[in-house]
Each structure stands twice: as structure tokens, then as C-alpha cells.
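Visitor: Test case, fold it:
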Amino acid sequence: MDNLKQINKGMLAYCLAVIQIAYIIVISIVDISGKYMLYATNTYLISETIVRVVVALISLILGLVAIFQKESKKVRTYISIIISVVVLLGPAWGIIKAIFIILKLN
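Guide: Below is the predicted model:
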């Protein structure tokens, strides 16, 4: 048991980021095909967004921790941080837009 290596946080963050990209590609293909109704209710859309934000935050935090890890591959870590930030920009923009709509400053 003592010989087991510590989990590489940079690689885990990179895998989570790649899963996010794959999910976006699959959803885009399904949406473009028009054969399936993706969001039957707003509840499903909200829960999916929350899950995507949580996964992006976990990937971002793991990437930031992995920057300071000695055994981490830095390129994958930086890629995971960039992907996570890009994924988080959508919900952040939606929140800012909602605030302006609530305040009627649009």
C-alpha cells in the first residue's frame, strides 16, 4: 500500500475537462439532428446546468491545485483550467444578464 502513487490531480482535472467538451459535442449533435427533445422541462435544464457548473468548478480547483504539484504535467493542467473557465463563462454571463434584467438596466 505504501508504494501506491498519489493521484495526479492535473490528469484528473484534464479528464473532467475533456468529458465536458465531449458532453457539449454530443448535446450539440443531438440538438442539430432535431430528432430528440432535449429539455422537456425547465427543471431538467436547471439541474443539468448545476451539474455542469459543479464539474467545471471541481476541474478548475483540481487544476489550480495541480499547478503546485511537483509530479503534475503542466500542459494538461493549463488546458483543463482554460476549458473549465470557458465552460464557466456561460453560466456567469447568464447570471450577470439576469441581474441586469432584474434591475431593469438592459
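Visitor: Please give the element, helix or strand, for the residue positioned nearest the centre of the chain.
Guide: Computing the C-alpha centroid of the chain and ranking residues by Cα atoms, centre = their mean puts residue 56 first, at 2.8 Å. For residue 56, the host element (DSSP states H and E) is helix 42-67.
Visitor: again, but for residue 27
Guide: Using DSSP H and E, residue 27 sits in helix 9-33.
Visitor: And that helix, how far out from the chain middle?
Guide: Offset of helix 9-33 from its chain centre (Cα atoms, centre = their mean, to the nearest Å): 8 Å.
Visitor: pLDDT on that helix, on average?
Guide: For helix 9-33, mean pLDDT rounds to 81.
Visitor: Show me what it packs onto, helices and strands only.
Guide: In terms of contacts (3 or more Cβ pairs under 8 Å, 6 or more residues apart in numbering; DSSP states H and E), helix 9-33 is packed against helix 42-67, helix 74-103. (Glycine included, C-beta is placed from N, CA and C.)
Visitor: Identify each buried residue in the last one, please.
Guide: It stands for helix 74-103. Residues of helix 74-103 classed as buried: 76-81, 83-84, 87-88 (neighbour count, 16 or more other Cβ atoms under 10 Å).
Visitor: Can you lay out those residues as CSV showing distance to residue 32 and pLDDT?
Guide: Output for these, formatted as CSV (distance: Cβ to Cβ, whole Å; pLDDT from 0 to 100):
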residue, distance to residue 32, pLDDT
76, 29, 81
77, 32, 83
78, 31, 85
79, 26, 86
80, 27, 86
81, 29, 86
83, 22, 88
84, 25, 88
87, 20, 86
88, 24, 87
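Visitor: Dump those to CSV, plus distance to residue 49.
Guide: Putting the buried residues of helix 74-103 into CSV (distance: Cβ to Cβ, whole Å) gives the following:
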residue, distance to residue 49
76, 26
77, 25
78, 25
79, 23
80, 20
81, 21
83, 17
84, 15
87, 11
88, 11
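Visitor: Distance to residue 17 for the helices and strands packed on helix 9-33 - can I get that in JSON lines?
Guide: Formatted as JSON lines, these follow (distance: least, Cβ to Cβ, whole Å):
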{"stretch": "helix 42-67", "distance to residue 17": "5"}
{"stretch": "helix 74-103", "distance to residue 17": "4"}
